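Asker: This is a predicted model, with the sequence first.
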Amino acid sequence: MKKIISTEDAPVAIGPYSQAVLAGGVLYTAGQIAIIPETGELNLSNITAETHQVMKNLEAVLSAAEMDFSNVMKCTIFLKDMNQYAEINAVYTQYFSENPPAREAVQVSRLPKDVNVEISLIAVS
């Protein structure tokens, strides 16, 4: 049985999808971009701030499912420019300093709202 996870502390879905779905103790999140939940505006001031906002949004979804980053098994990072990989990775590392999850990072031609980075994750309770 699946349970829809939703929180006002993360951006509302901008399409026909849920922020996350919990099934069998496994949480599947939608990709998060750097939307500031309180204002609906994008935080695109620089790639570091943008990545931190993405991670804060993921943290809010994890919290709504009574989890945190220690529960994360896998992340997928979509980035617009692989030249920004090191900066994105520097922020990402702050959230997974020990026992990081499996991960892939893929450069794509375009992301929703023309952001530079989108991250989704899978976590287990």
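Answerer: Cool, got the structure.
Asker: The nearest residue to residue 30 once chain neighbours are set aside: which element?
Answerer: Using CB to CB, 6 or more residues apart in numbering and skipping the chain neighbours, the partner closest in space to residue 30 is residue 17 (5.2 Å). The C-beta positions use only the backbone N, C-alpha and C, and glycine is treated the same way. If you go by DSSP states H and E, residue 17 is not part of any helix or strand.
Asker: what's the answer for residue 22, then?
Answerer: Applying DSSP H and E, one finds residue 22 within strand 20-23.
Asker: Tell me the bridge partners for residue 121.
Answerer: Beta bridges link residue 121 to residue 75, judged by DSSP bridges.
Asker: Share the number of residues neighbouring it, please.
Answerer: 26 (other CB atoms under 10 Å).
Asker: got it, and residue 115?
Answerer: Neighbours around residue 115, by other CB under 10 Å: 22.
Asker: distance of the residue lying closest to residue 14 once chain neighbours are set aside from residue 75?
Answerer: Using CB to CB, 6+ apart and skipping the chain neighbours, the partner closest in space to residue 14 is residue 112 (6.9 Å). To residue 75, residue 112 is 18 Å away according to CB to CB, to the nearest Å.
Asker: out of the two, which sits in the busier spot?
Answerer: The neighbour comparison of residue 112 against residue 75 (other CB under 10 Å) goes to residue 75, with 23 against 12.
Asker: and the longest helix for the protein?
Answerer: Longest helix in the chain by number of residues, with DSSP state H as the criterion: helix 47-64.
Asker: What residues of it count as buried?
Answerer: Within helix 47-64, the residues scored as buried using 16 or more other CB atoms under 10 Å are 47, 50-62, 64.
Asker: So which of those residues is the closest to residue 11?
Answerer: Nearest to residue 11 out of the buried residues of helix 47-64 is residue 57 (CB to CB; 6.1 Å).
Asker: from memory that closest one sits against residue 35, does it?
Answerer: Yes - here residue 57 lies in contact with residue 35, judged by CB atoms under 8 Å, at a distance of 7.0 Å.
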